[in-house]
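**Student:** Take this sequence and fold it.
(one chain, ligands or ions: 1)
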Amino acid sequence: MELHARHRHAREPVTLMTATQAGVVALTIPQDAVFIGGQWEKVPGESIAVVNPANGAVMGRVPNADAATGARAMAAARTALDDWSARPPAERADFLDALADALEAHGEQLARLASSEIGMPLAESRAVQASLPAKVLRSTAEIARTFAFESRDASGSTITREAVGVVLGITPWNFPVHQIIAKLAPALAAGCTLVLKPAELTPLNAVFIARLCEEVSLPPGVVNLVTGTGAETGEALVRGGGYDLVSFTGSLKIGRHIGAVAGEQVVRATLELGGKSPAVVLDDADLEAAVRTTVKNCFTNAGQKCNAPTRLLVPEARRAEAVAIATEAANAYVLGDPLEDGTTMGPLASPVQRDKVLGFLEAARAEGATVNGGDLVDPNGLFVRPAIVTDVAEDATVVREEVFGPVLVVLGHSGEDDAVRLANDSEYGLSAEVWSGDEARAARLARRIKAGQVRVNGVRTPPLPISPFGGYKRSGLGREMGPFALEEFLEVKAILGDPVPS
Ligand code: NAP
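**Tutor:** Prediction:
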């Protein structure tokens, strides 16, 4: 793949496209520019190099935008709000469908770009960075067309649901396209306008999405993109105000901070935070299938996945067997260039992430755990072999804290009640997986787990991605996907004695 990465003037576009994609017109994306009010702009100050974690190559640059730039983006979103929110929902939905068409037309290019930015194997990237976001756009468009934006309650009052206003969207690096679209689609469907601050590690796919918005002639100011570091650009945006809702996906630590700042301003915050999700395997389950599926779902994107099942809870009597199956499955991973056929695990996203993962493994060993795998493949690189950790106490750091890397902990339970106790013994509650050979038992178990999503016997996200996603406890506030996501971006008004109900 030839990935051009020259640093140029903002209005001089650079093609990020492979020569192998015959028949598809490459989308050109601007270098080192923010997108405000429908214009690409160069901004003063240092820019940030975007580095491919698989090989260290600089792929491009984006501005580290200052507070004044963020304020201009907010103003552009505010200016666009009245017109956008007044349009019929069906018209807004048409834009989402157009965006889905554009995303699909350039899906391979976007998947390759995202794989190169994050290190995700291309097959995974095609599924979650291209195909899934297009489905989310289309399903949200469909929901917006039929949603009851206006209704009457039993007292005769009219209840309207109106756009909450300008949204500040702050997203992480791990599934970057999906996480942006999971905010953009419902926000726009609701009639909100958006200022987006993507992760510092993976901003180029956000530039790509902004280009797609331009491509489909989304009105200027409806989507604005401001790049930069969280500590500077993100902090300035959050503290600068001017938004009516902040929708954040990221770590508990930063989410807590953003929620507090939003609270001071009495502005709504939806927070999609971390997880330490359990996979609960009962004694009547198919152990081999449960363990292999858990390993697969835990190690997607090298384990850098918020809802990864990272705590495998199996009957204690079968723990050794489960560890052997998991270790064999982990050893089968092929680490390498994410764009190469056959690669099943890429690098970790950054040196910080690598050091964090290795630190957790070192601490686990120091606490007496058995760690199978988990070695750094190349002393200067970011490739870490997946690790299976066992013989570890319930309160060990590696059991309690989110590692965000290819680390699966296997714990034994003494029966269903003990399994439920262990599963719920976490400050997080984002997701869970339950396994039983008895459907009624699995259904009962699912209802006992404190998590926003529970998956039974390995089921994955359905082709229609509308089921709510979000956390109990410290995994967050609010939901993404489907009608619940749309409602997060709506304000409710009651009109008593409405003279002309529609
Ligand atoms: P993070 O460090 O919290 O960063 C998330 C975003 O916040 C990034 O854009 C970051 O910018 C920005 N940021 C950092 N400090 C900020 C500040 N003071 N003010 C405003 N913005 C700030 O999280 P991450 O490391 O990117 O992502 C991993 C975390 O996200 C994990 O905990 C994972 O579980 C969670 N996650 C949750 C979900 C979910 O749906 N529940 C989905 C995916 C990931 P920089 O990139 O420049 O630091």
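
**Student:** check contacts around the spatially most central residue of the chain.
**Tutor:** With distances taken as C-alpha atoms, centre = their mean, Q179 lies nearest the centre of the chain, 3.7 Å away. By C-beta atoms under 8 Å, 6 or more residues apart in numbering, Q179 lies in contact with T171, P172, T249, E272. C-betas here are computed from N, CA, C, even on glycine.

**Student:** Sitting in strands, which of those do you find?
**Tutor:** If you go by DSSP state E, the contacts of Q179 have T249, E272 in strands.

**Student:** Closest to T160 out of the contacts of Q179?
**Tutor:** E272 (27.1 Å; C-beta to C-beta).

**Student:** Is I159 part of a helix or strand, or is it coil?
**Tutor:** strand (DSSP: H, G, I helix; E, B strand; the rest coil).

**Student:** Now do the strand or helix carrying G255: which elements does it pack against?
**Tutor:** Assigned by DSSP states H and E, G255 falls within helix 252-264. Helices and strands touching helix 252-264, by 3 or more C-beta pairs under 8 Å, 6 or more residues apart in numbering; DSSP states H and E, are helix 235-240, strand 245-249, strand 268-272.

**Student:** Most tightly packed of these?
**Tutor:** strand 245-249 (a mean of 27; mean count of other C-beta atoms under 10 Å).

**Student:** who touches that strand?
**Tutor:** With C-beta under 8 Å, 6+ apart as the contact definition, strand 245-249 has outside contacts at 164-172, 179, 182-183, 187, 192, 238, 254-255, 258-259, 262, 267-273, 306, 478, 488-489.

**Student:** what's the average pLDDT for that strand?
**Tutor:** Mean pLDDT, strand 245-249: 98.

**Student:** Can you tell me the number of residues neighbouring the closest residue to A130 other than its chain neighbours?
**Tutor:** Spatial nearest neighbour of A130, excluding adjacent residues (C-beta to C-beta, 6 or more residues apart in numbering): G107 at 3.6 Å. By other C-beta atoms under 10 Å, 20 other residues sit near G107.

**Student:** shouldn't G107 be in contact with A134?
**Tutor:** Yes. If you go by C-beta atoms under 8 Å, G107 and A134 touch, sitting 6.9 Å apart.

**Student:** tell me how far the ends of stretch 347-354 are from each other?
**Tutor:** End-to-end distance for stretch 347-354, by C-alpha to C-alpha, to the nearest Å: 9 Å.

**Student:** ok, V136 touching S467?
**Tutor:** No. Judged on C-beta under 8 Å, V136 makes no contact with S467 at a distance of 11.7 Å.

**Student:** who has more neighbours, the two?
**Tutor:** Using other C-beta under 10 Å as the criterion, V136 and S467 rank with V136 on top: 26 against 13.

**Student:** Touching both of V136 and S467, which residues are there?
**Tutor:** Here V136 and S467 share the contacting residues M481, scored by C-beta under 8 Å, 6+ apart.

**Student:** Which residues of the stretch 301-450 of the chain lie near the ligand?
**Tutor:** C306, E402, F404, L430 (C-beta under 6 Å from any ligand atom).

**Student:** ok, now the chain?
**Tutor:** So the chain meets the ligand at 170-174, 179, 197, 199-201, 229-231, 234-235, 238, 249-251, 254, 257-258, 272-275, 306, 402, 404, 430, 471, 476 (C-beta under 6 Å from any ligand atom).

**Student:** For whichever residue of the stretch 1-150 of the chain sits closest to the ligand, list each beta-bridge partner.
**Tutor:** Minimum separation of the stretch 1-150 of the chain from the ligand (C-beta to the nearest ligand atom) falls at I48, amounting to 8.5 Å. Counting by DSSP bridges, I48 forms beta bridges with V62.

**Student:** just checking, it touches G228?
**Tutor:** Yes. Using C-beta under 8 Å, I48 makes contact with G228 at a distance of 7.0 Å.

**Student:** Identify the contacts common to those two.
**Tutor:** Common neighbours of I48 and G228 (C-beta under 8 Å, 6+ apart) are V62, P63, N64, E200.

**Student:** among those residues, which ones are buried?
**Tutor:** V62, P63, N64, E200 (16 or more other C-beta atoms under 10 Å).

**Student:** Now the second one. Nearest residue, chain neighbours left out?
**Tutor:** The one in question is P63. Excluding the flanking residues, the one nearest P63 by C-beta to C-beta, 6+ apart is V43, at 4.6 Å.

**Student:** Just give me the neighbour total for that neighbour.
**Tutor:** V43, neighbours per other C-beta under 10 Å, totals 22.

**Student:** Same question for it, what's its three-state structure.
**Tutor:** Taken by three-state DSSP, the conformation at V43 corresponds to coil.

**Student:** what residues are up against M345?
**Tutor:** P121, F299, A302, Y333, V334, L335, F383, P386, P406.

**Student:** cutoff 10 Å now
**Tutor:** By C-beta atoms under 10 Å, 6 or more residues apart in numbering, the contact list for M345 reads 119-121, 124, 299-303, 330, 333-336, 338, 383-386, 406.

**Student:** now, which of the residues you listed lie within helices?
**Tutor:** E124, A330 (DSSP state H).

**Student:** Might one say that L252 is in contact with L271?
**Tutor:** Yes. Assessed by C-beta atoms under 10 Å, L252 is found in contact with L271 at 8.7 Å.

**Student:** Need the overlap of contacts for these two.
**Tutor:** Looking at what touches both L252 and L271 (by C-beta under 10 Å, 6+ apart), the common residues are G471, R474, S475, G476.
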